[in-house]
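S.K.: no sequence on hand, only this structure:
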């Protein structure tokens, strides 16, 4: 089963993340099927960049987002709706 989850990038003590489609049995930083966006929690406000079209396509195929990715997707939708 495929999952939409985060892989860590960035320097030591300066994390940033990529949102990826990856097999659930793969390691956290294993080889993903596709890169779908980025998330930087260290900026104010948090920077979220998503390829919404591809994310919707993966969700339609049955990929399951992890709780962290689900939260990020909700926040991104809220930001887009408020115009921010």
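M.R.: Cool, the structure landed. As the structure is a prediction and not an experimental result, all values here were calculated from the model. Numbers count the residues shown, from 1 in each chain.

S.K.: hey, let's count contacts and neighbours off CA atoms from now on
M.R.: OK.

S.K.: strands along the protein, start to end?
M.R.: Remark: strands assigned in the chain by DSSP state E are 2-11, 14-23, 34-40, 47-50, 64-65.

S.K.: got JSON lines for those, with distance to residue 80 too?
M.R.: JSON lines is the format used below for the strands of the chain (distance: least, C-alpha to C-alpha, whole Å):
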{"stretch": "strand 2-11", "distance to residue 80": "20"}
{"stretch": "strand 14-23", "distance to residue 80": "18"}
{"stretch": "strand 34-40", "distance to residue 80": "15"}
{"stretch": "strand 47-50", "distance to residue 80": "11"}
{"stretch": "strand 64-65", "distance to residue 80": "20"}
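
S.K.: I'd like those laid out as a markdown table, including mean neighbour count and mean pLDDT.
M.R.: Listed next are the strands of the chain as a markdown table, based on neighbours: other C-alpha atoms under 10 Å; pLDDT from 0 to 100:
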| stretch | mean neighbour count | mean pLDDT |
| --- | --- | --- |
| strand 2-11 | 18 | 94 |
| strand 14-23 | 20 | 95 |
| strand 34-40 | 19 | 97 |
| strand 47-50 | 16 | 94 |
| strand 64-65 | 20 | 96 |
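
S.K.: for residue 76, find the nearest of those strands.
M.R.: Nearest to residue 76 among those is strand 47-50; the distance by C-alpha to C-alpha comes to 6.6 Å.

S.K.: what packs against that closest one?
M.R.: strand 34-40 (3 or more C-alpha pairs under 8 Å, 6 or more residues apart in numbering; DSSP states H and E).

S.K.: tell me what angle the strand it packs on forms with strand 2-11.
M.R.: Between the direction of strand 34-40 and that of strand 2-11, the angle (axes from the mean of the first three to the mean of the last three C-alpha atoms, to 10 degrees) works out to 50 degrees.

S.K.: what angle do strand 14-23 and strand 34-40 make with each other?
M.R.: For the pair strand 34-40 and strand 14-23, the angle between their directions (the same axes, to 10 degrees) equals 160 degrees.

S.K.: just checking: what are the partner strands of strand 34-40?
M.R.: According to DSSP bridges, strand 34-40 has the following sheet partners: strand 14-23 (antiparallel), strand 47-50 (antiparallel).
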